[in-house]
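K.L.:
Would you be able to build a 3D model of this:
(one chain, ligands or ions: 2)
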Amino acid sequence: MASLTDHLAELVEDADAVLLFSPTASFHDRFVADEAGDRSDERAEIVVVAPDNDVDADPFVELPIPFRDVRDRIRFGIEGAMESDLVAEGDEVVCVVSVFEGESDAVIRVTVDENVHTGIYDLFVESRADPGVIRDVLEVAIELGKKGQKGKPVGALFVVGDAGKVMNKSRSLSYNPFEKSHVHVGDPIVNVMLKEFSRLDGAFVISDSGKIASAYRYLEPAAEGVDIPKGLGARHMAGGAITQDTNATAIVLSESDGLVRAFKGGRLVLEVDPEEY
Ligand SMILES: Nc1ncnc2c1ncn2[C@@H]1O[C@H](COP(=O)(O)OP(=O)(O)OP(=O)(O)O)[C@@H](O)[C@H]1O
Ligand SMILES: [Mn+2]
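P.N.:
Ligands and ions are numbered 1, 2, ... in the order given. Now for the predicted structure:
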């Protein structure tokens, strides 16, 4: 049977860049060798996008989370490649991805425009908080969304980064169980604590390095000009607005629709369904 690589040459022709998403070593090596044999003067840039650089690729874009939604994965890869000036607005980009688990099984050709560019890469890499901290908080929110609290759906609001300013734009609803503690997101015990406290009102405030500064914060950001989708309530509005008023990123789990959303710069940047993770 003909494999995907046999047909790729035609699809890649006159593309500006090719993004290989989590390629196997054999697929990657074969593809690079085929492209090197291409004698046309305009060869496409080959970029590997994966959680780890197992194939020793250069250029390489690191994926912080798997992004089950292929569109999010592609957006992240393209924006990462744009960051390194490998791809620009208007470019034709060929993405080789795995839609189902396992080997690369799909080729998607996209023109880079504002529909592709949503800020998903900046959410992780250009945030004040470490990319690993954003990822850890996103994972806690996804986990919490999947399981709920004792079988019931729960909502939660995490404000990550620029914690000093966030504290100044919020007030306490109750005593802070994290006062004087030095716990960080990502510690297994912290995940249990966060889940437990998420039953109660308000937001968690987390520092750039992942230290939990506070729980039970009622956010009071200025909300003028915040552009978040209609239909979302007070938790999402407060989460979105605080990211316009400060350099924080907000990660919100909705109790009503079960989705996890990330906001930055006052805008909705990422929406994931925990059930798909
Ligand atoms: N300004 C705020 N700061 C912190 N927490 C807030 C704020 N506003 C609302 N919340 C929290 O969000 C909870 C749910 O409020 P609301 O239903 O209006 O939000 P929502 O955006 O519809 O979220 P959900 O989808 O989870 O229902 C409140 O009980 C409260 O704990
Ligand atoms: Mn609500």
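
K.L.:
Please count neighbours and contacts with C-alpha atoms only from this point.
P.N.:
Will do.

K.L.:
In terms of residue numbering, what are the domains of the protein?
P.N.:
Annotated domains of the chain cover 4-122, 127-276 [automatic domain parsing].

K.L.:
Export these as a markdown table, with columns for distance to ligand 1.
P.N.:
Below are the domains of the chain laid out as a markdown table (distance: least, Cα to the nearest ligand atom, whole Å):
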| stretch | distance to ligand 1 |
| --- | --- |
| domain 4-122 | 21 |
| domain 127-276 | 3 |
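
K.L.:
By residue count, tell me the biggest helix in the chain.
P.N.:
The longest helix of the chain (DSSP state H) is helix 131-147.

K.L.:
Just the angle for whichever helix or strand comes after that one relative to helix 131-147, thanks.
P.N.:
Counting by DSSP states H and E, the next helix or strand C-terminal to helix 131-147 is strand 156-160. Relative orientation of strand 156-160 and helix 131-147, computed by axes from the mean of the first three to the mean of the last three Cα atoms, to 10 degrees: 180 degrees.

K.L.:
Output the contacting helices and strands for the longest helix of the chain.
P.N.:
Counting contacts by 3 or more Cα pairs under 8 Å, 6 or more residues apart in numbering; DSSP states H and E, helix 131-147 is packed against helix 120-125, strand 156-160, strand 249-253, strand 260-264.

K.L.:
Single out the most deeply packed of these.
P.N.:
strand 249-253 (a mean of 30; mean count of other Cα atoms under 10 Å).

K.L.:
Could I get the CA-only coordinates of that strand as PDB?
P.N.:
Coordinates of the C-alpha atoms in strand 249-253 are reproduced here as PDB (Å, rounded to 0.1, in the frame of the first residue of the first chain):
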ATOM      1  CA  THR A 249      -3.600  34.500  32.400                       C
ATOM      2  CA  ALA A 250      -7.000  33.100  33.500                       C
ATOM      3  CA  ILE A 251      -8.000  29.500  33.300                       C
ATOM      4  CA  VAL A 252     -11.700  28.900  33.900                       C
ATOM      5  CA  LEU A 253     -13.700  25.700  34.400                       C
END
